[in-house]
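Colleague: Structure, please.
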Amino acid sequence: MKIHTLIAAIALTAGGAAFAQAPAAPVAAKDPLATPRIDQRQANQEKRIDQGIASGALTNKEATRLDKRETKIESDKLAAKSDGKVTKAERRKLNHEQNRASAAIKHQKHDAQTTAAK
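Modeller: Here you go, the predicted structure:
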């Protein structure tokens, strides 16, 4: 009987040791190409432009100019990702561009130029 107890104890110890050495799943593995904040801001700004067109607050010319600015930000984001890592400096530059684009959207939506709402 002692032998069965000894074998069971060894099996539990070995199993516990193997479990303890198993690598833990990464909590939040950081992808060097991930740009979730930039992506979300782009989506929000595009919605703001679309809403401005729908409400008539933006003329077609203003909307085209703002869309070109958003396209430039997307192009810069892809260029930043091209080397396999988006650095802090690249993120800072993209954030600055988005800040300026956001201010431009606000300015254009609240100026005196409007179109008739559809």
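Colleague: Contacts only, for the residue nearest the centre of the chain.
Modeller: With distances taken as CA atoms, centre = their mean, Pro36 lies nearest the centre of the chain, 1.2 Å away. By CB atoms under 8 Å, 6 or more residues apart in numbering, no residues touch Pro36. All C-beta spots, glycine's among them, are computed from the backbone N, C-alpha and C.
Colleague: I'd like the distance between Asp83 and Glu74.
Modeller: Here Asp83 is placed at a distance of 17 Å from Glu74 (CB to CB, to the nearest Å).
Colleague: Kindly report the same for Ala112.
Modeller: 30 Å.
Colleague: Let me know the next secondary structure element after whichever helix or strand Thr64 is part of.
Modeller: Using DSSP states H and E, the element containing Thr64 is helix 60-81. Later in the chain than helix 60-81, the nearest helix or strand by DSSP H and E is helix 88-109.
Colleague: which of the residues in that following helix are buried?
Modeller: Buried positions in helix 88-109, judged by neighbour count with 16 or more other CB atoms under 10 Å: Glu90, Leu94, Glu97, Gln98, Ala101, Ile105, Gln108, Lys109.
Colleague: Tell me if I'm right that the third one and Lys72 touch.
Modeller: Yes: taking CB atoms under 8 Å as the contact criterion, Glu97 and Lys72 are neighbours in contact, 7.4 Å apart.
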